[in-house]
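Colleague: 3D, please:
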Amino acid sequence: MDIEANKTLVRRFSEALNSANWDRLDDLLTEDFRRHCQATPDVTVESLEDFKALQQSFLETFPDQRVDLDTLIAEGDKVGFVGTYSGTHLGPMGEIPPTGMKGQVRMAGFFRIEGGRIAELSVEWDNLAFLSQLGLYPP
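Modeller: Numbers count the residues shown, from 1 in each chain. You can find the predicted model right below:
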């Protein structure tokens, strides 16, 4: 496996998210892409199309969302990362109306690469810290 190519693939992934270019994900993710996240336990992503729909819903909630990957560490078919997610809560988040407040949270996780594409993402962040910044916690 080419470790630098895997890191470049992950950078291209974050660029696609930041530009809201969901079609670009077709070249970056496998069809059976999986996403795992304890911060959003009710969200199931078991395909490329599921992930595109999730990203579109995030964009509707946080139209200025941004993912910045600060650190990438690669070994074999895995790329670990530490980064920041930020956005302004301008759309509904489920049944929660927009607060108009901006949030920024550190996140970390791993990508698994398969055949030159991202097959899996495990990501975590401090949901309470993010909700607090949006004025939603404590309730």
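Colleague: tell me what the longest helix that the chain contains is packed against?
Modeller: The longest helix of the chain (DSSP state H) is helix 3-18. Here helix 3-18 touches strand 66-75, strand 78-88, strand 102-114, strand 117-125, going by 3 or more C-beta pairs under 8 Å, 6 or more residues apart in numbering; DSSP states H and E. Quick note: C-beta positions are derived from backbone N, CA and C, even for glycine.
Colleague: Skip ahead from that helix and say which helix or strand is next.
Modeller: Where DSSP states H and E defines the elements, the next helix or strand beyond helix 3-18 is strand 29-36.
Colleague: and the direction of that next one versus that of strand 102-114, what angle?
Modeller: For strand 29-36 against strand 102-114, the angle by axes from the mean of the first three to the mean of the last three C-alpha atoms, to 10 degrees is 120 degrees.
Colleague: Can you give the distance of strand 29-36 from its chain's centre?
Modeller: Distance, stretch centre to chain centre, for strand 29-36: 12 Å (C-alpha atoms, centre = their mean, to the nearest Å).
Colleague: Any chance you could list what contacts that strand?
Modeller: With C-beta atoms under 8 Å, 6 or more residues apart in numbering as the contact definition, strand 29-36 has outside contacts at 13, 43, 45-48, 50-51, 54, 114-115, 117-123.
Colleague: 6 Å instead, please
Modeller: Here strand 29-36 makes contact (C-beta atoms under 6 Å, 6 or more residues apart in numbering) with 45, 46, 48, 51, 117, 118, 119, 120, 121, 122.
Colleague: Could you measure from residue 127 over to residue 25?
Modeller: Taking C-beta to C-beta, to the nearest Å as the measure, residue 127 and residue 25 are separated by 24 Å.
Colleague: With neighbour numbers in mind, choose between these two.
Modeller: Neighbours were tallied for residue 127 and for residue 25 using other C-beta atoms under 10 Å; the higher tally belongs to residue 25 (20 against 14).
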